[in-house]
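# next one to model:
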Amino acid sequence: MTIRDAKQAIMEAIEPIYDNRESVNIATLLLEELTGFSKMNQFLQKQSILSEEIVSRLLPLINRLSKGEPIQYIIGKAWFMELAFEVNSHTLIPRPETEELVNTLIQFLKSKEYKNVQILEIGAGSGCIPIAVAKYYPNATITSIDISENALVVARKNAAQIGVNIHWKRLNFLNKEARNQLGLFDIIISNPPYIRKTEAANMHTNVLAFEPHTALFVEDNDPLIFYKAIHDFCETHLTKSGAVFLEINESLGKETAALFSNNYTVEIKKDMQNKERMIIAHQF
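Modelled structure (predicted):
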């Protein structure tokens, strides 16, 4: 089997699930993981014969891909802000729109020239948000919380690998008594669960079947539960000149912004897909 044959086999197996562009990207990532060849080298070496060992490893991975398992879980890593993060079934796969949220915060911090800014990140997952902020804005002191110890294990590994220091805490943020044990912060950033369960019908199988539901979904009768808790927390734990950066459900932008409208200047920002995806709230 040549590299070209292998790429074709991967793409044919996942054709019912992904469009052509995604299929090409997935095939390229998997072959890079197995062979060490970059995208360009795969093209230049497309007639090279794969070893029996690589073929024996490849075939079961193609089978996993054909069932919708995300390539990031299969190779065990995902890229975020040009950094490689370990991911597994206990953590969400980082998304481009979350990169936009982090970039927005980093630009804000640089514009304000914060020296010793205290940041709280709610919902660590793989740790991509706090680790990226710490990497690109070293003057920040960052605390990151998650309800899942399994997720925090992954986040700690990623922080060690990338070489940043984060204060990790296992904490159920919806428990008011627990969250009130946290200190005072200048910035709060979060990509909390915000997808209503009725919206699941429109989602891709590779998300529904493999990514952690507790990090994705909220009940239909209270879809803003995490944002309400964040607003409540800010009343006593955000400094007077503080700001909040939140990723949001694109169909609930106005409702989410309204939570902060009484004592904040609120901006709803659109992502690159022109969807209302972020809220930035500054205290008066």
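# pull out the buried residues from the lowest-mean-pLDDT helix or strand in the chain.
One helix or strand of the chain scores below all others by mean pLDDT, DSSP states H and E: helix 205-208, with a mean of 75. Residues of helix 205-208 classed as buried by neighbour count (16 or more other Cβ atoms under 10 Å): Asn206, Val207. Placement of C-beta: from N, CA and C, glycine included.
# elements contacting the helix or strand following it?
As assigned by DSSP states H and E, the chain's next helix or strand after helix 205-208 is strand 217-218. In terms of contacts (3 or more Cβ pairs under 8 Å, 6 or more residues apart in numbering; DSSP states H and E), strand 217-218 is packed against strand 195-196.
# pull the residues that contact the strand it packs on.
Residues from elsewhere that reach strand 195-196 (Cβ atoms under 8 Å, 6 or more residues apart in numbering): Met203, Leu216, Phe217, Val218, Glu219, Asp220, Pro223, Asn249.
# which neighbours in the sheet does that strand have, and how are they oriented?
strand 217-218 (parallel) (DSSP bridges).
# circling back: nearest to Ile93 among the contacts of strand 195-196?
The closest of the contacts of strand 195-196 to Ile93 turns out to be Leu216 (Cβ to Cβ; 10.9 Å).
# residues in contact with that closest one?
Leu92, Pro193, Ile195, Val207.
# farthest pair in these?
Pro193 and Val207 (12.9 Å).
# now do the helices in the stretch 1-150 of the chain.
Taking DSSP state H, counting those that start in this stretch as the test, the helices found in the stretch 1-150 of the chain are 3-14, 20-35, 39-44, 52-66, 71-75, 96-112, 128-136, 149-162.
# just how off-centre is the last one within its chain?
Taking Cα atoms, centre = their mean, to the nearest Å, one finds the center of helix 149-162 at 14 Å from the center of the full chain.
# run through who's touching it.
In contact with helix 149-162 (Cβ under 8 Å, 6+ apart) are residues 83-88, 90-91, 124-128, 130-131, 134-135, 144, 146, 165-166, 168, 170, 212, 215.
# now, those residues that are in strands?
Those of the contacts of helix 149-162 mapping onto strands are Leu83, Ala84, Phe85, Glu86, Ser144, Asp146, Trp168, Arg170, per DSSP state E.
# what's the farthest-apart pair in the residues you listed?
Once Cβ to Cβ is applied, the ones in strands among the contacts of helix 149-162 give Ala84 and Arg170 as the farthest pair, at 24.4 Å.
# kindly list the longest strand within this structure.
Max-length strand for the chain by DSSP E is strand 238-247.
# quick one: strands adjacent to that one?
strand 185-190 (parallel), strand 276-283 (antiparallel).
# need the winner for burial among these.
The highest mean neighbour count among the strands paired with strand 238-247, using mean count of other Cβ atoms under 10 Å, belongs to strand 185-190: a mean of 23.
# tell me the confidence at Phe284?
Looking at Phe284, its pLDDT stands at 69.
# before we move on, what about Asn116?
89.
# just to check, it is in contact with Thr141?
Yes: if you go by Cβ atoms under 8 Å, Asn116 and Thr141 touch, sitting 6.6 Å apart.
# those two - which one has more neighbours?
Neighbours of Asn116 and Thr141, each counted by other Cβ atoms under 10 Å, are more numerous for Thr141; the result is 14 against 8.
# in contact with the closest residue to the more buried one other than its chain neighbours, which residues?
Spatial nearest neighbour of Thr141, excluding adjacent residues (Cβ to Cβ, 6 or more residues apart in numbering): Gln118 at 5.3 Å. Gln118 makes contact with Ala140, Thr141, Thr143, Gly183, Leu184, Phe185, Asp186, Ile187, Thr239, according to Cβ under 8 Å, 6+ apart.
# excluding chain neighbours, what is closest to the last one?
It refers to Thr239. Asp186 (5.0 Å).
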